[in-house]
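Peer 1: I would like to see how this sequence folds:
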Amino acid sequence: MTTDNGDGPNFGDEPFDFKDEKAATDDAQLSLFAMAFDMRPHGKVACWRVCVEDDTGRQVYQADLRFSSKDGADMDREDLESDAAAIEIAEYLSGRSRE
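Peer 2: Just a heads-up that it's a prediction; the model follows:
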């Protein structure tokens, strides 16, 4: 299993053995939650990823968990940008383009 907590892939020291692919993917999903808990995001965006490979090294499963947050200023800026875009589209459609 390969994990990535944002610092690049970690291939681990030894491969894990699971009874079947379902057990491996279940463990991979639990690993995502553990990484998110242990490596709490200190910014507005974070991404964690796990990959499961079979005995030949072929990737058979991949999952990622993404975190994003916005504060009030971010949301206000997005609202203003959306309003401006809507006005521009409405003017374009009515033939009153700002050009």
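Peer 1: What segments of the chain are helices?
Peer 2: 21-38, 72-93 (DSSP state H).
Peer 1: which of these sits most buried?
Peer 2: Mean neighbour count (mean count of other CB atoms under 10 Å) peaks for helix 21-38 among the helices of the chain, with a mean of 14. All C-beta spots, glycine's among them, are computed from the backbone N, C-alpha and C.
Peer 1: Residues contacting that one, please?
Peer 2: Residues outside helix 21-38 that contact it (CB atoms under 8 Å, 6 or more residues apart in numbering): 1, 3, 5, 16, 18, 46, 48-52, 54, 60-61, 63-65, 67.
Peer 1: Stretch 65-74 now?
Peer 2: Contacts for stretch 65-74 (CB under 8 Å, 6+ apart): 32-33, 35-36, 41, 44-49, 78.
Peer 1: Dump those residues to TSV, plus pLDDT and distance to A84.
Peer 2: Formatted as TSV, these follow (pLDDT from 0 to 100; distance: CB to CB, whole Å):
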residue	pLDDT	distance to A84
L32	89	37
F33	87	39
M35	84	38
A36	84	35
P41	70	30
K44	84	22
V45	83	24
A46	83	29
C47	85	30
W48	86	35
R49	87	35
E78	91	11
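Peer 1: Mean pLDDT lowest where, among the helices of the chain?
Peer 2: Of all the helices of the chain, the minimum mean pLDDT falls on helix 21-38 (a mean of 88).
Peer 1: can I have that helix written out in PDB, keeping just the CAs?
Peer 2: As requested, the backbone C-alpha atoms of helix 21-38 are provided in PDB (Å, rounded to 0.1, in the frame of the first residue of the first chain):
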ATOM      1  CA  GLU A  21      -8.500  -7.200  -2.200                       C
ATOM      2  CA  LYS A  22     -11.600  -6.100  -0.200                       C
ATOM      3  CA  ALA A  23      -9.600  -6.300   3.000                       C
ATOM      4  CA  ALA A  24      -6.800  -4.200   1.500                       C
ATOM      5  CA  THR A  25      -9.200  -1.500   0.200                       C
ATOM      6  CA  ASP A  26     -11.000  -1.400   3.500                       C
ATOM      7  CA  ASP A  27      -7.700  -0.900   5.300                       C
ATOM      8  CA  ALA A  28      -6.700   1.800   2.700                       C
ATOM      9  CA  GLN A  29      -9.900   3.700   3.500                       C
ATOM     10  CA  LEU A  30      -9.200   3.600   7.200                       C
ATOM     11  CA  SER A  31      -5.700   4.800   6.600                       C
ATOM     12  CA  LEU A  32      -7.100   7.900   4.800                       C
ATOM     13  CA  PHE A  33      -9.100   8.800   7.900                       C
ATOM     14  CA  ALA A  34      -6.100   8.100  10.200                       C
ATOM     15  CA  MET A  35      -3.800  10.400   8.000                       C
ATOM     16  CA  ALA A  36      -6.400  13.200   8.100                       C
ATOM     17  CA  PHE A  37      -6.700  12.900  11.800                       C
ATOM     18  CA  ASP A  38      -3.000  12.700  12.500                       C
END
